[in-house]
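K.L.:
Quick one, structure for this:
(one chain, ligands or ions: 2)
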Amino acid sequence: MHPMTASAHRQAWRKLAASTLRNLPRSSIRPPTAHCGLVFRRNASSSARLWSQQQKVNPAARPTKLPTSNTARRSYSSGAPPPKGNQNIKFWPFVAVIALGSGGYMLLVNRRKDMPAVPSAAGLAAPAKSTPTFSPKDVTVLFVLGGPGAGKGTQCARLVSEYGFTHLSAGDLLRAEQERPGSEFGELIKQCIKDGAIVPMEVTVQLLENAMTETIKNKHNAPKKFLIDGFPRKMDQAFKFEEVVCPARLVLFYDCPEAEMERRLMERGKTSGRADDNAESIRKRFRTFIETSMPVVDHYEKEGRVVKIDATPTPDSVFQTTRERLTKALGDKF
Ligand SMILES: Nc1ncnc2c1ncn2[C@@H]1O[C@H](COP(=O)(O)OP(=O)(O)OP(=O)(O)O)[C@@H](O)[C@H]1O
Ligand SMILES: O=c1ccn([C@@H]2O[C@H](COP(=O)(O)O)[C@@H](O)[C@H]2O)c(=O)[nH]1
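P.N.:
Ligands and ions are numbered 1, 2, ... in the order given. The predicted structure is shown next:
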């Protein structure tokens, strides 16, 4: 976000977001999956535990040779021979039991070969809600996407003044949560932001939902129109938000070459105070954007929900195009 045009807005949201996670139902924050280093390490150790537990019960971990032949050899090599009349009766049932057991055992081993070493993370997912909190009939949500420094915040500030949207920047909400004294997610968010990694979706989706709820509750007369800036950055976030919070009307995608984004971010970094406006973090953010966030844009593009705008010209020119394209997509009243 542009530090000058959006600072007042940020202040307001910092205040608001400081209260949001206080009300966060703990049950809604599930153990996160592998997004950021910290979480991954936690999951890696529990995976290792699960794996070792599985090995204990996994027959594949047992010796494949059963001690039958040794036992047999011992019995033939020492002591008196067994009574002749009983030999068939005692020996063959024993062989049959071993044969059946080995067959079953081999079957089990073969079936286990196709099983994943670690159980799926699906069990950790939050329970599905049948309907989203907000209906798209009452609430308009536009996702605003683009690479780091493409100018999303700059354009959102203008859309707020001209059309009365409420601007919710996922990055700003996360930074506010990071700074909130006592936040249990502070360290995790800090690390993710520095590494340009994605904070587990449960945290971000809940922050956004709380912020929307607060806005609707506190600003009775404000139009229920939200620009969700810098979100969703990953497919799981996109699905979860639309499933539990509100389906989005469309996606505004600001397209900008990497060299221009880098130039803008390095310039912004001189005054922004952001921990990720530096060469190393910027490189990581670009990589996350290409590998993780572009698939989200592609997904919505296939659904015909993307309005793509060239973000290279001046802010005024980009805004003019934004206006025109939005009017074309949504009509005069949006
Ligand atoms: N069209 C533009 N031309 C030149 N500079 C721009 C343009 N739009 C924004 N900027 C500048 O580029 C920098 C990044 O803009 P902005 O903060 O809006 O980007 P962003 O996409 O929200 O970034 P981030 O994803 O990192 O929050 C700011 O310093 C802003 O003033
Ligand atoms: O949905 C999101 C949005 C952001 N993040 C993290 O925040 C930083 C900064 O985001 P900006 O939009 O540039 O302010 C981003 O690099 C991510 O680390 C996130 O995890 N999830």
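K.L.:
alpha carbons only for contacts and neighbour counts from here, please
P.N.:
Fine.
K.L.:
Show me which positions of stretch 285-301 end up buried.
P.N.:
With burial defined by 16 or more other CA atoms under 10 Å, the residues of stretch 285-301 counted as buried are 285-286, 288-289, 292-294, 296-297, 301.
K.L.:
Over to stretch 131-147?
P.N.:
132-134, 136, 139-147.
K.L.:
Could you do stretch 264-273 as well?
P.N.:
For stretch 264-273, using 16+ other CA under 10 Å, the buried residues are 264-266, 268-269, 272.
K.L.:
thinking again about what came up before, nearest to Glu260 among the buried residues of stretch 285-301?
P.N.:
Taking CA to CA as the measure, Glu260 lies nearest Phe286 of these, at 12.1 Å.
K.L.:
quick one on the thing from earlier: make TSV out of the buried residues of stretch 131-147 and add secondary structure, distance to Lys328 and pLDDT.
P.N.:
TSV is the format used below for the buried residues of stretch 131-147 (DSSP: H, G, I helix; E, B strand; the rest coil; distance: CA to CA, whole Å; pLDDT from 0 to 100):
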residue	secondary structure	distance to Lys328	pLDDT
Pro132	coil	27	97
Thr133	coil	28	97
Phe134	coil	25	97
Pro136	coil	19	96
Val139	coil	20	97
Thr140	strand	16	97
Val141	strand	17	98
Leu142	strand	15	98
Phe143	strand	17	98
Val144	strand	17	99
Leu145	strand	19	99
Gly146	strand	20	98
Gly147	coil	24	98
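K.L.:
helix, strand or coil for Phe253?
P.N.:
Assigned with DSSP: H, G, I helix; E, B strand; the rest coil, Phe253 falls in the strand class.
K.L.:
show me the residues around it that make contact.
P.N.:
144-146, 297, 306-309 (CA atoms under 8 Å, 6 or more residues apart in numbering).
K.L.:
and the gap between it and ligand 1?
P.N.:
10 Å (CA to the nearest ligand atom, to the nearest Å).
K.L.:
Specify the beta-bridge partners of that residue.
P.N.:
Assessed by DSSP bridges, Phe253 has beta-bridge partners Leu145, Lys308.
K.L.:
is it true that Leu145 touches Ala238?
P.N.:
No: under the criterion of CA atoms under 8 Å, Leu145 makes no contact with Ala238, lying 11.8 Å away.
K.L.:
The stretch 151-300 of the chain against ligand 1: which residues are in contact?
P.N.:
151-154, 264-265, 268 (CA under 6 Å from any ligand atom).
K.L.:
circling back to that earlier point, can you redo the buried residues of stretch 131-147 as CSV with distance to ligand 1?
P.N.:
Formatted as CSV, the buried residues of stretch 131-147 follow (distance: CA to the nearest ligand atom, whole Å):
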residue, distance to ligand 1
Pro132, 27
Thr133, 27
Phe134, 25
Pro136, 25
Val139, 23
Thr140, 20
Val141, 17
Leu142, 15
Phe143, 13
Val144, 9
Leu145, 8
Gly146, 6
Gly147, 6
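K.L.:
Between all of those, which two are at the greatest distance?
P.N.:
Thr133 and Gly147 (28.7 Å).
K.L.:
show me what contacts the closest residue to ligand 2 within the stretch 1-150 of the chain?
P.N.:
Minimum separation of the stretch 1-150 of the chain from ligand 2 (CA to the nearest ligand atom) falls at Pro148, amounting to 5.5 Å. Pro148 sits next to 261, 265, 282, 285-286, 289 when contact means CA under 8 Å, 6+ apart.
K.L.:
my read is it is in a helix, agree?
P.N.:
No: secondary structure of Pro148 (three-state DSSP): coil, not part of a helix.
K.L.:
Relative to Gly273, how far out is it?
P.N.:
Counting by CA to CA, to the nearest Å, the separation of Pro148 from Gly273 is 16 Å.
K.L.:
now, which of the buried residues of stretch 285-301 sits nearest ligand 1?
P.N.:
Distances from ligand 1 to the buried residues of stretch 285-301, taken by CA to the nearest ligand atom, are shortest for Arg285, at 8.9 Å.
K.L.:
Can you list phi and psi of the closest residue to the closest one other than its chain neighbours for me?
P.N.:
Of all residues not flanking Arg285 in the chain, Gly196 sits nearest, at 4.4 Å (CA to CA, 6 or more residues apart in numbering). Main-chain dihedrals, Gly196, degrees, to the nearest 10: phi 70, psi 20.
K.L.:
mind listing the helices for the stretch 151-300 of the chain?
P.N.:
For the stretch 151-300 of the chain, the helices defined by DSSP state H, counting those that start in this stretch occupy 152-163, 170-179, 186-195, 201-218, 235-244, 258-272, 279-288, 294-302.
K.L.:
What's the local residue count around the residue nearest to Arg285?
P.N.:
Using other CA atoms under 10 Å, Gly196 has 22 neighbouring residues.
K.L.:
low-confidence ranges in the chain?
P.N.:
Scanning the chain for pLDDT under 70 picks out 1-129.
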